[in-house]
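In: Got a predicted model here, sequence first, then my questions.
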Amino acid sequence: MLRQSLIATLMVVSLAAPAAAKGVLYDCKLDAKRAKGWVSPTMAIVFEDAGTVKVADGALLHYVGHPVVARVRKSGDVARLHWNIAGAHDHVGQVIPTFSYTAKLNLKTLGVSVLAKPVGFPQRFTGKGTCKKRNSTRGFPKG
């Protein structure tokens with residue numbers, strides 16, 4: 001529980017202030033109980049006014065140390081985001097050269113689903129949930 005609070009605070013500090021200046025922050029909560037940590041229960045997606053989309057979650061903050069830019073494709077009300085994590089380690093220390101992530105965010109209903117797949121391995125980890133759309137940092141702790 002403490003780890004989840006720390007992750008949420010780190011995401012707020014790293015993403016909320018830029019979102020207040022421009023763009024939209026989607027603050028997402030996911031049911032990821034069966035994802036073994038590869039899909040986080042908390043995720044942030046920022047659509048910046050300049051067109052860049054950044055993603056942050058527990059796995060990114062652990063392995064990369066900061067939010068990453070995601071590739072995005074929109075079709076109607078759905079935005080499909082893609083990003084990778086390189087050099088992750090599983091629970092027994094095996095290096096996973098690339099972990100591929102796909103998130104689908106319905107911009108109308110605010111539903112989100114995430115798929116995490118280690119490239120070259122058969123496993124798939126998923127999570128589903130909802131997001132809150134935030135246009136300001138009101139309600140976030142000051143950092």
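Out: In hand now; what should we look at?

In: May I have the beta-bridge partners of residue 106?
Out: Taking DSSP bridges, one finds residue 78 as the beta-bridge partners of residue 106.

In: If I follow the layout properly, it ends up in contact with residue 78?
Out: Yes: counting by Cβ atoms under 8 Å, residue 78 is a contact partner of residue 106 at 5.5 Å. For every residue, glycine as well, the C-beta is placed using N, CA and C.

In: distance of residue 55 from residue 95?
Out: Separation of residue 55 from residue 95 (Cβ to Cβ, to the nearest Å) stands at 22 Å.

In: who has more neighbours, the two?
Out: residue 55 (24 against 9; other Cβ atoms under 10 Å).

In: contact partners of stretch 67-75?
Out: Contacts to stretch 67-75, defined as Cβ atoms under 8 Å, 6 or more residues apart in numbering, come from residues 11, 14-15, 44-46, 52-56, 60, 79-83, 103, 107.

In: phi, psi of residue 59?
Out: Dihedral pair for residue 59: phi -70, psi -40, per degrees, to the nearest 10.

In: Tell me the buried residues in stretch 115-133?
Out: 115-118, 125-127, 129, 131 (16 or more other Cβ atoms under 10 Å).

In: Cool, thanks, talk later.
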